[in-house]
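Peer 1: Need the 3D shape of this:
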Amino acid sequence: MLVNDRADEAALEIFYRGPVLAVEADSVRVAVTGGEARIERLSDPAARNGQRIDMMRSVTLRRGEAIRIGAISGGACAYLAIEGGLALSPVLGSVSTDIRSRIGGIEGRALAEGDLLPLRCEDASAAPELTLGSLALSTPARVRIVPGPQRDFFSDAEFKAFAESAYVVGANSNRMGLRLTGRSVVHSRGANIVSDSVAPGSIQIPGDGQPIVLLADRQTTGGYPKIANVISADIPALGRLKAGASIGFEPVTLEQAVEARRQMLADMEALAARATPLPTTSSDLMPRLFECNLISGVFDAAA
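Peer 2: Numbering: from 1, shown residues only. Down below sits the predicted model:
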């Protein structure tokens, strides 16, 4: 599925197991990050074995080659970034795919076998390959929260018990929300409210007491009380949780939440400066050497 607002920064979000993607442009530079996966550069899409590629480094693929992304571990998803992005028409200012509404991306749906992704750049740049080395993408055992707008629908003892409990991510979770299973949260003023706006990270408590953490594809309003809200700095990690993962919550102050967001934004700004050029290897040079005329002629020394 396609994610990101801007076409020149569009990436593919890959859940649980990756695809084999063939290159039909002259060349394209890609990089994969997120959950750990085996990534291979293939001489052609049907090849059984290929050259292993590290995550969080760029690689330039030539026409006829392919990249294969295997099963993802350490998280639910990985992301494939493409130099220059994709030549897609924005919908409501975004090229992301909203599957529930069937808008954006490629016909508003998940990618399928045979789809062609239109590139904004038909040839990779001459820039050197880059690597980030490592990137901390693990989810903390306890995600930080602040009280929600309906905090008063729950007693102090109930809020404390909720914050101290452990929950498991249900198999019915998706980009709309994480459905958690565990200790039921008891309402003190009922499970229904007049529908009001929801935010990224809102934690709704429906009638069965099982929390729902709203994510990127959430609805705009909801009629369940919201006991708390995950702070913005911790929301990205929630979207990478696998079904069956365990999660807990840690109340923090609004000031701590603001400082955590400042630190997250500063870390993101520093990422570009952390990217370092990779040393050129023989495997990087061979495709370019084959494209060049390395000699102007030959002669017979015995003539």
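Peer 1: Please make it C-alpha for all contacts and neighbour counts, starting now.
Peer 2: Noted.
Peer 1: which is the next helix or strand following the helix or strand hosting Met268?
Peer 2: Met268 belongs to helix 254-274 when assigned by DSSP states H and E. For helix 254-274, the following helix or strand on the C-terminal side (DSSP H and E) is strand 276-277.
Peer 1: on contacts alone, who are the packing partners of that following strand?
Peer 2: strand 130-131 (3 or more Cα pairs under 8 Å, 6 or more residues apart in numbering; DSSP states H and E).
Peer 1: okay, the angle between the next helix-or-strand element following the strand it packs on and helix 254-274?
Peer 2: Beyond strand 130-131 in the direction of the C-terminus, DSSP H and E gives the next helix or strand as strand 142-147. Computed with axes from the mean of the first three to the mean of the last three Cα atoms, to 10 degrees, the direction of strand 142-147 lies at 130 degrees from that of helix 254-274.
Peer 1: Can you list the strands that strand 142-147 pairs with?
Peer 2: strand 226-230 (antiparallel), strand 246-251 (parallel) (DSSP bridges).
Peer 1: returning to that earlier point: just the mean pLDDT for the helix holding Met268, thanks.
Peer 2: When the per-residue pLDDT values of helix 254-274 are averaged, the result is 93.
Peer 1: cool, stretch 15-27 as well?
Peer 2: For stretch 15-27, the mean confidence score works out to 94.
Peer 1: now Phe162, what's its secondary structure?
Peer 2: Counting by DSSP: H, G, I helix; E, B strand; the rest coil, the backbone at Phe162 sits in helix.
Peer 1: doesn't Val185 make contact with it?
Peer 2: Yes. Judged on Cα atoms under 8 Å, Phe162 makes contact with Val185 at a distance of 6.5 Å.
Peer 1: neighbour count winner among those two?
Peer 2: The residue with more neighbours, out of Phe162 and Val185 and counting by other Cα atoms under 10 Å, is Phe162; that gives 23 against 20.
Peer 1: ok, the more buried one - contacts?
Peer 2: 183, 185, 249 (Cα atoms under 8 Å, 6 or more residues apart in numbering).
Peer 1: switch the cut-off to 10 Å
Peer 2: Residues near Phe162 by Cα atoms under 10 Å, 6 or more residues apart in numbering: 154, 156, 182-186, 211, 227-228, 248-250.
Peer 1: where does the stretch 101-250 of the chain have low pLDDT?
Peer 2: For the stretch 101-250 of the chain, applying pLDDT under 70 flags no range at all.
Peer 1: mind listing the strands for it?
Peer 2: 130-131, 142-147, 166-169, 177-182, 196-197, 202-204, 212-214, 221-222, 226-230, 246-251 (DSSP state E, counting those that start in this stretch).
Peer 1: Mind giving me the packing neighbours of the helix holding Met268?
Peer 2: If you count contacts as 3 or more Cα pairs under 10 Å, 6 or more residues apart in numbering; DSSP states H and E, helix 254-274 packs onto strand 142-147.
Peer 1: where's the helix holding Met268 relative to the chain centroid, distance-wise?
Peer 2: In terms of Cα atoms, centre = their mean, to the nearest Å, the centre of helix 254-274 is set 18 Å apart from its chain centre.
Peer 1: For that helix, buried residues please.
Peer 2: 257, 260-261 (16 or more other Cα atoms under 10 Å).
Peer 1: Leaving out the residues flanking it, which one is nearest to Thr103?
Peer 2: In this structure residue 103 is Ile, not Thr. In space, not counting the residues next to it along the chain, Ile103 is nearest to Thr97; the distance is 6.1 Å by Cα to Cα, 6 or more residues apart in numbering.
Peer 1: My read is that that neighbour contacts Gly108, right?
Peer 2: Yes. Counting by Cα atoms under 10 Å, Thr97 touches Gly108, with 5.4 Å between them.
Peer 1: Show me which of those two is the more surrounded one.
Peer 2: Taking Thr97 and Gly108 together and counting by other Cα under 10 Å, Thr97 has the greater number of neighbours (25 against 19).
Peer 1: Quick check: pLDDT value at Ala302.
Peer 2: The per-residue pLDDT of Ala302 was computed as 63.
Peer 1: err, Asn4, not the other one
Peer 2: In the predicted model, Asn4 carries a pLDDT score of 70.
Peer 1: Fine, thanks again, bye for now.
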